[in-house]
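Colleague: Coordinates for the following, if possible.
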Amino acid sequence: EAAAQTAVDEATGKHVLIQQLAEQIAQLTRDTSALSTDLKQSGARDESVERDAKRIEDNFRAAREQLEVAGTSAVLGEALSRQRQSLPAPSQLRKTLAQLEDKHAQIMLQMLQHDAESKRLRNPEDFVAELASELTREQAAEIQDDLLQLALSRRELLTKSINLHKSFVRSLTDLATSYRHLLDLSTGYDAFLAQNLLWIRSAPAPGLDTLASLPAEVRYMIEPSRWLQVPAALFAGMLNSVPVKLLLLLFVVLIWKRRHLYRQLVATGDPVGKPAADSIMYTIRALGLTLLLALPWPLLMMTLGWALVSGPDVSPFSEQLSPALLILAPTFFYIQFFSVLCRSGGVADRHFCWPGKLPKLLRREFSLLKITLLPAVFILLLAANDDEGMSLAGVERYSMVAALLIIALFFYRLSRLLMQQSISAKMHQRYLWLILTIAAPLLLAVAAFLGYFYTAGMLGGGLLQTLWIVFGLSLIHISEPTRPFTLSRMPSSA
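Modeller: Below is the predicted model:
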């Protein structure tokens, strides 16, 4: 690079063709140097990926042997749970493979371009003549020697660059092969663990020792030295990430406009029930405004989780705290959405015309769920993601039990409210729904208390999503007999 820059400096003040060719050589030198660095990093990445694949393959083989020989145990279950958490995310591996394919195509295109230029430079005299074709004979003769020397230098550099590109293409191919092998191994091991961990304890059965260790675990979780790292990590992430800045700006705009959005939401209900003015578009617009009103605080939670791992130096605690916030944000949004849905003057009140005080009662239940479930799930996720310090099995156990009990209580109270309004439902269907919404979370709470954390966590997450869907369908069922009939909204019956 120093020699190329020297050639550029020496070309200063000379003919413009000499300066341009010298600058092109300098740029090619810089590109070749950068490509050489990328080649070394690619080789190092390939070795790292192969080590990860070897580790997962060894763990896979050991897990099979342990399950066949020793059977299930709490110690093995906890170890396998940690291994599953440490597996690379398949989506990230596929993203990396796509990036490698793009890089491969880019390098191939550059190599073809350099090869074409190298063929032009096989006869340097013809290349120089073509380059100076628009000059007079005297001008061309004056700069011919300098151009010829630069052309020879560029030809030599292009040959080195083409060879380097070929090496890099081979390295990228090897690296992509290693990543595909890692993806196959990790997905296979993940499927094996998912199948077997459901029946393995993640922690020993509860006893006095689990209660005795709980105060120490709580003190570790609230250790000030860990939490004091968070403000600096957030500030660094905000400065370092453009998407984080944009999301924070969106949060500020939504908070600033929330009163205006609420007034628009209330206004969409004015034409409801008036045949001359009513339209389904008012309800669709009201649902869109409900989404915007529910979005700000879950959006902030997600943005903070993203900011924690967007800085240049990410601490271990930030890596634990970030997924907890990112996983919790969708649940927060669901609760917020249903809470805003039941707001006075909102969709439930003005558009669906739910009877009596039902919207107000539902909003109260969602507010109670928000202040009880979200902290319990946050503590659970934080304890489950902690791999650096002491075991937090006690905190994980009791926070999971608390979260499942809160879910059971919420859906019990919710079911009682909905049953009072579901006039068309048969009595045995009502009580079947009531039993299912309570019994399933309670059974999973018992499983979590006995140490089956993975079982309770996996089935509990699926159960919660199912209950949200069923609850949404129940709301539609309630809305059917209470929605005002208008010609513009309802199809005519023959």
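Colleague: Skip the chain neighbours and tell me the closest residue to residue 166.
Modeller: Distances taken as C-beta to C-beta, 6 or more residues apart in numbering put residue 111 closest to residue 166, at 6.9 Å, once the chain neighbours are dropped. In this view, the C-beta of every residue, glycine as well, is placed from N, C-alpha and C.
Colleague: Spell out the secondary structure type for the closest residue to residue 317 other than its chain neighbours.
Modeller: Residue nearest to residue 317 in three dimensions, not counting chain neighbours: residue 226, with 4.7 Å by C-beta to C-beta, 6+ apart. Recorded secondary structure, residue 226: helix (DSSP: H, G, I helix; E, B strand; the rest coil).
Colleague: burial of residue 226, as a residue count?
Modeller: Neighbour count for residue 226, taken as other C-beta atoms under 10 Å: 19.
Colleague: Tell me the spacing between it and residue 208.
Modeller: In this view, residue 226 and residue 208 are 28 Å apart by C-beta to C-beta, to the nearest Å.
Colleague: Also residue 420?
Modeller: 44 Å.
Colleague: cool, residue 345 as well?
Modeller: 54 Å.
Colleague: Which one's more surrounded, those two?
Modeller: Taking other C-beta under 10 Å, residue 345 and residue 208 do not tie; residue 345 has more neighbours (16 against 7).
Colleague: Where does pLDDT dip in the protein?
Modeller: 1-13, 69-78, 198-199, 203-204, 273, 278, 387-391, 418, 421-434, 470-494 (pLDDT under 70).
Colleague: mind running it again at 50?
Modeller: Along the chain, the model assigns pLDDT under 50 to residues 423-424, 481, 485-494.
Colleague: Centroid-wise, who is the farthest residue in it?
Modeller: residue 138 (65.3 Å; C-alpha atoms, centre = their mean).
Colleague: Over to that one. Which of the three states is it?
Modeller: helix.
Colleague: What helix or strand is the residue nearest to residue 166 located in?
Modeller: When elements are assigned from DSSP states H and E, residue 111 belongs to helix 90-120.
Colleague: what helices or strands is that helix leaning on?
Modeller: Applying 3 or more C-beta pairs under 8 Å, 6 or more residues apart in numbering; DSSP states H and E, one finds that helix 90-120 makes contact with helix 137-197.
Colleague: After the helix it packs on, which helix or strand is next?
Modeller: Next element after helix 137-197 (DSSP H and E): helix 208-221.
Colleague: What are the buried residues along that next one?
Modeller: 210, 213-214, 217, 220-221 (16 or more other C-beta atoms under 10 Å).
Colleague: close enough to count as contact, the residue nearest to residue 166 and residue 165?
Modeller: Yes: using C-beta atoms under 8 Å, residue 111 makes contact with residue 165 at a distance of 3.9 Å.
Colleague: Pick out whichever of these two has more residues nearby.
Modeller: residue 165 (22 against 18).
Colleague: Can you report phi and psi for residue 207?
Modeller: Phi and psi for residue 207, reported as degrees, to the nearest 10, are phi -160, psi -170.
Colleague: And it, how far from residue 353?
Modeller: The value you get for residue 207 to residue 353, if C-beta to C-beta is used, is 54 Å.
Colleague: Tell me which of these two has more neighbours.
Modeller: residue 353 (16 against 8).
Colleague: Can you tell me the SS state at the more buried one?
Modeller: Going by three-state DSSP: residue 353 is coil.
Colleague: Repeat that for residue 310.
Modeller: Assignment for residue 310 (three-state DSSP): coil.
Colleague: now do residue 343
Modeller: Relying on three-state DSSP, one would call residue 343 coil.
Colleague: show me what contacts it?
Modeller: 262, 265, 293, 349, 359, 363 (C-beta atoms under 8 Å, 6 or more residues apart in numbering).
Colleague: Let me see the contact set for the spatially most central residue of the chain.
Modeller: Against the mean C-alpha coordinate of the chain, by C-alpha atoms, centre = their mean, the closest residue is residue 326 at 7.4 Å. Residue 326 makes contact with 302, 305-306, according to C-beta under 8 Å, 6+ apart.
Colleague: give me that answer again for 6 Å
Modeller: residue 305 (C-beta atoms under 6 Å, 6 or more residues apart in numbering).
Colleague: please renumber so the chain begins at 5
Modeller: Got it, first residue is 5 now, which makes that one residue 330.
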